[in-house]
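> Sequence and predicted structure below; questions after.
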Amino acid sequence: MSLKEEIRQEAAQERQKLKNMSSQDKIWYIWEYYKFHIAILIAIVLVLCIIGTSIYNSTIETSFYCVFINNRTNGEVNYEILTKDFHDHMGFGKKQEIHTESVFISYDGVVSEFSYASMAKISALIATQELDVLVTDEENFDRYSGMSGYLDLEQVLPEDLLSSLKDRLCYGTNQEGQKGAYAVDISGTKFAQEFGLTLEPAYCSFISNSRHTDTSIAFLHYIFD
């Protein structure tokens, strides 16, 4: 008898065994005699899923990242105005994502673990050039200005936008003691109302090592045009 015929005969015998068993016995039999094969199959499927997810995630690009600091509101924050409306406004595709979130940082008294964690996350985002825009209260605006964390908007904004925003520019001092227009106050705008932004003033600043300054400029156009 050939090997092929032996395998076929063995398979037929296994089918006959299972046919004569109850449902509970079938489950026990399959697990008892094939658990090693099942474990290998599950492991292969998991590995393939991990590889597939990794390949897919590598094709996704963060096209804009905006963090709001200390925006205290009793209502819901409408993140979709950024992740969907501004996303569509920019003509981004499905694999060009916009990330946005709110964090709370307080320097009064003892700094909480949550504040430390928030500061660490922002530092990591800046270090990896992921973060593009910070919208903050005055205290955090001064802190990051003093660390030379912002671009001078008078140096990067196009002349027409800069002229229209001159009354909303907010000035700070960097680490070298140089004064600059490091933010625009976006409070009181339609965007602020629809987003649920309660900060007044709301200092909107461009991160100095951002890779998406053009998108940040488009963000200000989106807010004020």
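Structure received. Numbers count the residues shown, from 1 in each chain.
> Look up phi and psi at the closest residue to residue 175 other than its chain neighbours.
Here the nearest residue to residue 175 in space, its sequence neighbours aside, is residue 148; by CB to CB, 6 or more residues apart in numbering that works out to 4.2 Å. Backbone N, C-alpha and C define where each C-beta goes, glycine included. With angles defined as degrees, to the nearest 10, residue 148 sits at phi 60, psi 40.
> Can you give me the pLDDT of residue 53?
The confidence metric pLDDT takes the value 66 at residue 53.
> Make residue 1 into 441 and carry on from there
New numbering, starting at 441: the last item is residue 493.
> would you list every one of the helices in this structure?
443-459, 463-498, 520, 527-529, 553-567, 578-586, 593-596, 599-604, 630-635, 653-664 (DSSP state H).
> quick one: low-confidence ranges for this structure?
For the chain, the stretches with pLDDT under 70 are 441-461, 465-474, 492-499, 548-551.
> residue contacts, the most centrally placed residue in it?
The centre of the chain sits closest to residue 539, judged by CA atoms, centre = their mean, with a distance of 3.7 Å. By CB atoms under 8 Å, 6 or more residues apart in numbering, the contact set of residue 539 is 502, 504, 505, 506, 523.
> mind checking how far residue 659 is from residue 635?
In this view, residue 659 and residue 635 are 12 Å apart by CB to CB, to the nearest Å.
> cool, residue 530 as well?
Taken as CB to CB, the span from residue 530 to residue 635 is 17 Å.
> follow-up on the earlier one: what bridges to the residue nearest to the centre of the chain?
As for beta bridges, residue 539 partners with residue 505 under DSSP bridges.
> tally of neighbours for residue 627?
Using other CB atoms under 10 Å, residue 627 has 17 other residues around it.
> dump the residue contacts of it.
Residue 627 neighbours (CB under 8 Å, 6+ apart): 637, 639, 640, 641, 642.
> 6 Å instead?
Residues near residue 627 by CB atoms under 6 Å, 6 or more residues apart in numbering: 640, 641, 642.
> just residue 515 next, same as before
residue 636.
> now with 10 Å?
By CB atoms under 10 Å, 6 or more residues apart in numbering, the contact set of residue 515 is 636, 638.
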